[in-house]
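Peer 1: Quick one: sequence and predicted model below, then my questions.
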Amino acid sequence: MDKVLELKDLSLSFYTKQGEIEAVRGVNLSLNKGEILAIVGESGCGKTVMSKAVLKLLPKNSKIKTGSIIIDGEDITDYSENKMRSIRGGVVSMVFQDAMTTLNPTIPVGKQIAEAVLKHNKVNSEEAKKRALEMMDLVGIDDSMHRYYMQPHYFSGGMRQRCVLAIALASNPKVLFADEPTTALDVTVQAKILDLLLEIREKTGISIVFITHDFGVVARIADRVAVMYAGKIVEIGTAEDVFYDPRHPYTWGLMLCLPYLAKEGQPLESIAGMPPVMINIPKGDAFAIRNKYALEIDYEEQPPMFEISATHSAATWLLDERAPKIQPPVSIKRGLKNG
Amino acid sequence: MNEKNIFIKKTTYRILGFVFAMLILSIVVFYFARLAPGDPLQSFYGDSVESMTAKELQAARVRLGLNEPIFIQYIKWIENAFHGDFGLSLKYKIPAMSVVSPLIGNTLVLGGTAYILMFIMAVLLAVACAVNEDSVFDRLICKTGTVSYYVPPFWLGILLVLIFSINFKWFPSSGAYDVGKANDIINRIKHMVLPLVVMIMSHLWYYAYMIRNKLLDEVRKDYVLLAKAKGLKKSEIMWKHCLRNALPTIVNIMAISIPHVLSGTYIAEAVFNYPGLGSLSIESAKYHDYNLLMLLVLITGFLVIFSSIIAKTINEIIDPRMKETEVSAWQK
């Protein structure tokens, strides 16, 4: 399969007055054509930073330390601002978390879509308008002729997210980063947007990186899942691998937090402690202090990626052959059988 | 309620507010002008007032209507004002209106030109600074601007006269035109250059800085991120997105700045002896020329209040959200 996006050992830091913040630490990732990859993790684990890094939308005090970003076989790590502009929106698009505020409030939505078309295609404004109307139809905005001229404040949250999606898809990009696009929406609208994304993937063959902290959303949409913790990918595999055979204790923890896995009459599980501050990360596994199953070596050395199958791997010392055999919490297995 | 009714109601409301503000303004100025020390008869009769007897003085006061209580004077004045009669100028001894009318054009042309040039320059400067935020260019302009803002305009005027009129003899130092060249446009423009420089220099940075900061507020908003993700250039984002969203603020600033610019015009007129409303106002206050002063105040007040109404209307056209909120307030 063609790889449209590849991150090779990507490390990125912010340099602040308090010190170096290691937001992304050696991420290896690849995205196949037409695939939906979900990246799951707590707030502050580096999901968003990683995706913004691909588009180089991060502030000036950030710097890619090592590794490379390869899009469609081309290494864009050292691309200048000028070259990046043709990548942004043209080859790689991004949908941001809060659709309420990402549209310009004073410009009619249609024109905002047409602007993206004009930027990356050699068309006149008539053709751009036509394309924008097509896009509005594609993302399910009825009566597009009329709505083309409406400002964003006439639209509901779900409709605005559709508009943002139309902007992102306007120039037929190869990769779409969707950064928690459904978080600000209510559940029914969420479901519709997810269906829309699946439908668009069918129609256009676009690859999607879907960033979320919601395992429910992941189950619905993703082909592959990557679990991220403290700037690292700790487990990656197909949706089946990760859901039916999770191997990393952090993945177990995240799954235990799902309400439908909780036992009736008992408080909802949560992962003890807080994600680490990314300045002066302790040596060893960053998850060790929150990990019930932590081994001594977890405090000493970072675990490498252990390959479980061709598609599935996880970074935990529990997978080392010398480690004690630990079974995942029973409620995960039971819950999955029921669900 | 349909939209037409709302519009009528809103317009009526604004006109009423306008009339009310003008009334308050006239009462306050009318009263305060008479509180100031000095005798208007002095300016009416000049030095001969000193040789007049008390009886003659009293008769003069009665003739000019200055003997009555201030309240009655005001009622009479406003009654006449509604008929378009603003009374006699005490100094010039002709109707106040005919003293003012030939000078209105001068002031409007001078003030208007300064106003338009200043805001064009302010927006350009603000955009240039905002696009290059925190660069050497931005910092340099900010520092120079702050210094320029604190240079007193009258001092700057004198300095300019010294350099460009006396030393280089490029521009004339005073007046609106040379004798006998009233219809020579080039000559008139030459006379406007130095006052314009003074007016623009004294206010430009203040407004450029406000606009720059508003633009930088906008740059930090989420829609800029989306615009960037679309692949737009920084300058494109600034002109097409940020400036548009900052426009209501800029229009507001422009409306609020009218009194500011007008006062600048008055100072420039005084320094360069430019015949206009400004130099006339200062003169009328100096000579206790009540009627003339009232007329000038009304004109100035009219310009200020009217401009704020215009600004509000323009804002609604630019940003329909403002209309919506006001409409819903009316429907309650």
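Peer 2: Yes, it's here. Keep in mind that this is a model prediction, so the values were computed, not measured. Residues are numbered from 1 along each chain as shown, chains lettered A, B, ... in the order given.
Peer 1: Quick one: the helices in the stretch 51-200 of chain B, in order.
Peer 2: Assigned helices in the stretch 51-200 of chain B, in chain order: B:54-64, B:70-82, B:96-131, B:136-149, B:153-160, B:185-219 (criterion: DSSP state H, counting those that start in this stretch).
Peer 1: looking at these, which is closest to A:T251?
Peer 2: Among these, the nearest to A:T251 by CB to CB is helix B:185-219 (39.3 Å). Placement of C-beta: from N, CA and C, glycine included.
Peer 1: Could you list the low-pLDDT ranges of the chain?
Peer 2: All of this is about chain A. Using pLDDT under 70 as the threshold, the predicted model of chain A has low-confidence ranges A:1, A:262, A:331-339.
Peer 1: hmm, I had chain B in mind actually
Peer 2: In chain B the weaker segments, taking pLDDT under 70 as the threshold, are B:1-3, B:317-332.
Peer 1: Can you tell me the centre-most residue of it?
Peer 2: B:L262 (2.6 Å; CA atoms, centre = their mean).
Peer 1: wait, isn't A:A230 in contact with A:G284?
Peer 2: No. Contact between A:A230 and A:G284 fails when scored by CB atoms under 8 Å: they sit 11.4 Å apart.
Peer 1: The two: which is more packed in?
Peer 2: In terms of neighbours (other CB atoms under 10 Å in any protein chain shown), A:A230 is the more surrounded of A:A230 and A:G284; the figures are 23 against 18.
Peer 1: Relative to chain B, how far out is the more buried one?
Peer 2: Look at A:A230 and chain B: by CB to the nearest CB, to the nearest Å, they are 25 Å apart.
Peer 1: Tell me who's in contact with the nearest residue in space to that residue that is not next to it in sequence.
Peer 2: Nearest-residue entry for A:A230: A:A286, 3.8 Å, with adjacent residues in sequence omitted and distances by CB to CB, 6 or more residues apart in numbering or on different chains. When contacts are counted by CB atoms under 8 Å, 6 or more residues apart in numbering or on different chains, A:A286 touches A:229-230, A:232, A:276.
Peer 1: And A:A286, which helix or strand is it part of?
Peer 2: Secondary-structure assignment from DSSP states H and E places A:A286 in no helical or strand segment.
Peer 1: For B:E283, which of the helices of the stretch 51-200 of chain B is the nearest?
Peer 2: The minimum distance between B:E283 and the helices of the stretch 51-200 of chain B falls on helix B:96-131, with 9.9 Å, by CB to CB.
Peer 1: Name the residue closest to the centre of chain A, please.
Peer 2: Among the residues of chain A, the smallest C-alpha distance to the mean C-alpha position (CA atoms, centre = their mean) belongs to A:I211, namely 2.3 Å.
Peer 1: pretty sure that residue is in a strand, no?
Peer 2: Yes. For A:I211, which was evaluated using DSSP: H, G, I helix; E, B strand; the rest coil, the result is membership in a strand.
Peer 1: partner residues bridging it?
Peer 2: Here A:I211 shows beta-bridge partners A:I39, A:D179, assigned using DSSP bridges.
Peer 1: Which positions in the biggest helix by length in chain A come out as buried?
Peer 2: For chain A, the longest helix by residue count, based on DSSP state H, is helix A:187-204. Judged by neighbour count (16 or more other CB atoms under 10 Å in any protein chain shown), helix A:187-204 contains these buried residues: A:189-190, A:192-194, A:196-197, A:200-201.
Peer 1: Give me the number of neighbouring residues for the residue of the stretch 51-200 of chain B found nearest chain A.
Peer 2: Scanning the stretch 51-200 of chain B for the residue nearest chain A gives B:D134, at 9.6 Å (criterion: CB to the nearest CB). Counted with other CB under 10 Å, the burial measure for B:D134 works out to 11 neighbours.
Peer 1: roughly how far apart are it and A:H146?
Peer 2: Separation of B:D134 from A:H146 (CB to CB, to the nearest Å) stands at 43 Å.
Peer 1: which ones are touching the closest residue in space to A:R131 that isn't next to it in sequence?
Peer 2: The shortest distance from A:R131 to any non-neighbouring residue, by CB to CB, 6+ apart, is to A:V117 (4.7 Å). With CB under 8 Å, 6+ apart as the criterion, the residues that contact A:V117 are A:123, A:127-128, A:131-132, A:135, A:170-171.
Peer 1: Mind checking which of those are buried?
Peer 2: Buried among these by 16+ other CB under 10 Å: A:128, A:131-132, A:135, A:170-171.
Peer 1: quick one: the residue lying farthest from the centre of chain A from A:A114, how far?
Peer 2: Of all residues in chain A, the one whose C-alpha sits farthest from the chain's mean C-alpha position, using CA atoms, centre = their mean, is A:E126 at 34.7 Å. Using CB to CB, one obtains 10 Å as the distance from A:E126 to A:A114.
Peer 1: and if you look at B:V62?
Peer 2: B:V62 sits 76 Å away from A:A114, going by CB to CB.
Peer 1: Repeat that for A:Y229.
Peer 2: With distances taken as CB to CB, A:Y229 is found 41 Å from A:A114.
Peer 1: swap in B:L159?
Peer 2: Counting by CB to CB, the separation of B:L159 from A:A114 is 52 Å.
Peer 1: Between the two, which is the more surrounded one?
Peer 2: Neighbour totals were compared for B:L159 and A:A114, and A:A114 leads with 25 against 12 (other CB under 10 Å).
Peer 1: what's around the closest residue to B:R61 other than its chain neighbours, how many residues?
Peer 2: Closest residue to B:R61 in three dimensions, ignoring its sequence neighbours and counting by CB to CB, 6+ apart: B:N67, at 4.5 Å. For B:N67, the tally of surrounding residues (other CB under 10 Å) stands at 13.
Peer 1: backbone phi and psi for B:N67, please?
Peer 2: Per-residue torsions, B:N67: phi -90, psi -20 (degrees, to the nearest 10).
Peer 1: now do A:C45
Peer 2: Phi and psi for A:C45, reported as degrees, to the nearest 10, are phi -90, psi -10.
Peer 1: ok, it to A:L254 distance?
Peer 2: Here the distance between A:C45 and A:L254 works out to 11 Å (CB to CB).
Peer 1: Give me the domain ranges for chain A.
Peer 2: Partitioning chain A according to automatic domain parsing yields domains covering residues A:3-222, A:249-338.
Peer 1: Those: which one's closest to B:F30?
Peer 2: Ranking these by distance to B:F30, with CB to CB as the measure, places domain A:3-222 first at 44.0 Å.
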